[in-house]
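> Whatever this is, show me its structure:
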Amino acid sequence: MYPADLGFTMPPEWIRHERTFMEWPLVEAIWPGPFDEILDAYSRIVEKISEFEPVTVIARPDVADSARAYCGAFADILPLAHDDSWMRDNGPTFVTGRNNEIAGIVWMFNAWGGKYPCENDNMVASGLLGQLGIRSFSAPIVMEGGSIHVDGEGTLLTTEECLLNKNRNPDLCREDIERFLSRYLNIEKVIWLKKGLDGDDTDGHIDNVACFAKPGVVLLQTSSNPANKNYDRSLENLEILRNATDARGRKLEVIQIEQPDAEYFEDTYLTLSYINFYFVNGGIILPAFGGRHASTDKNAESILKKTFPDRRIATVNSLPLVRGGGNVHCLTQQMPSVPGKISR
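The predicted structure follows:
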């Protein structure tokens with residue numbers, strides 16, 4: 001039987017968390033720029049999240065001492081083999097059941113279409129669930145957590161650029177993928193955007209471009225600058241969302257957040273996104289980029305304060321981490337809190 005048949009469903013990210021899981025950066029993952037800057041930026045994010053909820057940092061056993069030195073004062077360190085730091089994509093997708101049950105979906109992970117080594121990463125989800133003693137469901141489909149967002153009421157957001165990319169599931173069509181999402185996440189409707197942000201190494205993950213703020217409300221990364229590489233994409237995504245309805249038949253309210261101007265590290269275009277924020281208990285961890293991006297940083301913070309008046313917006317300078325192709329949301333995976341189930 002599938003998780004949906006047993007009453008399991010993927011909850012929205014804004015429900016209360018038991019804890020956050022992350023993965024310690026590895027120098028072998030070839031992070032651009034000085035590696036010490038990566039570790040400093042990463043540890044600041046761990047510390048910030050720990051102000052709101054418990055954090056467990058998975059660390060390859062031979063670098064677990066490094067993780068403890070940087071994060072041991074405010075996070076638990078769990079030795080476990082892995083290849084990279086993007087817990088959102090190689091970690092389990094947690095689902096909750098009718099009787100305060102919790103389980104994890106183990107997707108097949110191929111490093112965003114075979115771009116990088118991933119033998120250990122492909123074992124992280126099952127290894128973590130085994131350590132926690134949590135029931136797991138293995139899905140026979142390549143999927144990454146950053147490619148999906150749900151509203152908790154039957155609607156899922158994604159992009160064609162990613163989920164229909166032939167480097168993931170070449171033998172599956174749109175209807176096949178929707179069927180898998182329904183069976184494993186218990187969703188009823190998929191809203192498909194065409195593309196994610198330009199330059200995104202993940203082939204257009206939704207967590208860089210759009211997410212639900214609550215049922216019926218979507219936050220969208222847009223650009224009002226015709227010179228911006230994402231100007232046309234954002235107009236197309238805005239039109240799709242404004243004409244869409246969710247699983248409950250509601251027209252969507254779309255809240256736009258202006259993307260920062262182009263940023264490069266050496267000759268590499270960096271994909272900056274404020275949508276890659278992370279819900280924590282009572283707050284939001286918002287990426288900030290500083291310097292000449294201060295005005296768009298402030299605008300994004302202002303919009304989120306208005307959208308989430310009951311949450312504290314905590315900004316973190318995450319520009320060094322964008323060099324690796326992701327941001328705060330990509331680095332994290334939340335475990336929802338359910339009575340009677342405590343993570344270790």
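> Now the element after the host helix or strand of Leu39, going C-ward?
Secondary structure from DSSP states H and E places Leu39 in helix 35-50. Using DSSP H and E, the helix or strand that directly follows helix 35-50 along the chain is strand 55-59.
> Give the other helices and strands that the helix or strand just after that following strand contacts.
Downstream of strand 55-59, the next assigned helix or strand under DSSP H and E is helix 64-71. In terms of contacts (3 or more CB pairs under 8 Å, 6 or more residues apart in numbering; DSSP states H and E), helix 64-71 is packed against helix 35-50, strand 55-59, strand 76-79. Where C-beta positions appear, they are placed from N, C-alpha and C, glycine not excepted.
> isn't Pro339 right next to Glu101, touching?
No. In this structure Pro339 lies outside contact range of Glu101 using CB atoms under 8 Å: 10.4 Å.
> which of the two has more neighbours?
Glu101 (16 against 7; other CB atoms under 10 Å).
> Per-residue pLDDT of that one, please?
Here the pLDDT value assigned to Glu101 is 95.
> now Arg98
87.
> check contacts around it.
Listed by CB atoms under 8 Å, 6 or more residues apart in numbering, the contact set of Arg98 reads Gly7.
> Ramachandran angles for it?
phi -70, psi -40 (degrees, to the nearest 10).
> gap between it and Tyr269?
As judged by CB to CB, to the nearest Å, Arg98 and Tyr269 stand 46 Å apart.
> what do you get for His205?
Distance from His205 to Tyr269, by CB to CB: 16 Å.
> and what of Ile58?
Between Ile58 and Tyr269 the computed distance is 30 Å (CB to CB).
> what about those two, which has more around it?
Ile58 (26 against 12).
> what is that one paired to in the beta sheet?
Per DSSP bridges, residues listed as beta-bridge partners of Ile58: Glu23, Leu78.
> So which of the helices and strands packed on helix 64-71 is nearest Glu119?
strand 55-59 (15.6 Å; CB to CB).
> next one: that closest one to chain centre, how far?
Distance of strand 55-59 from its chain centroid, counting by CA atoms, centre = their mean, to the nearest Å, is 16 Å.
> Dump it to CSV, restricted to CA.
Listed next in CSV are the C-alpha coordinates belonging to strand 55-59 (Å, rounded to 0.1, in the frame of the first residue of the first chain):
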residue,chain,number,x,y,z
VAL,A,55,19.1,21.2,15.1
THR,A,56,20.8,17.9,14.2
VAL,A,57,23.8,18.3,11.9
ILE,A,58,24.7,15.1,10.0
ALA,A,59,28.5,14.9,9.5
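> helices or strands next to it in the packing?
Using 3+ CB pairs under 8 Å, 6+ apart, strand 55-59 is in contact with strand 17-23, helix 35-50, helix 64-71, strand 76-79.
> other SSEs contacting the last one?
It stands for strand 76-79. strand 55-59, helix 64-71.
> Nearest to Gly216 among these would be which one?
strand 55-59 (30.9 Å).
> mean confidence for the closest one?
Strand 55-59 shows a mean pLDDT of 98.
> between it and helix 35-50, how big is the angle?
Strand 55-59 runs at 150 degrees relative to helix 35-50, counting by axes from the mean of the first three to the mean of the last three CA atoms, to 10 degrees.
> how far off strand 17-23 does strand 55-59 point, in degrees?
Strand 55-59 runs at 20 degrees relative to strand 17-23, counting by the same axes, to 10 degrees.
> Measure how strand 55-59 sits relative to helix 64-71, angle-wise.
150 degrees.
> Phe52 versus Thr155, what's the distance?
26 Å.
> Looking only at neighbour counts, state which of those two leads.
Per other CB under 10 Å, whichever of Thr155 and Phe52 has more neighbours is Thr155, with 25 against 20.
> doesn't Asn186 make contact with that one?
No. Under the criterion of CB under 8 Å, Thr155 makes no contact with Asn186, lying 11.5 Å away.
> which one of the helices and strands packed on strand 55-59 has the most crowded surroundings?
strand 17-23 (a mean of 25; mean count of other CB atoms under 10 Å).
> how about stretch 94-113: buried residues?
The neighbour-count check on stretch 94-113 (16 or more other CB atoms under 10 Å) flags 94-97, 101-107, 109-113 as buried.
> again with stretch 213-232
213, 215-223, 228, 230-231.
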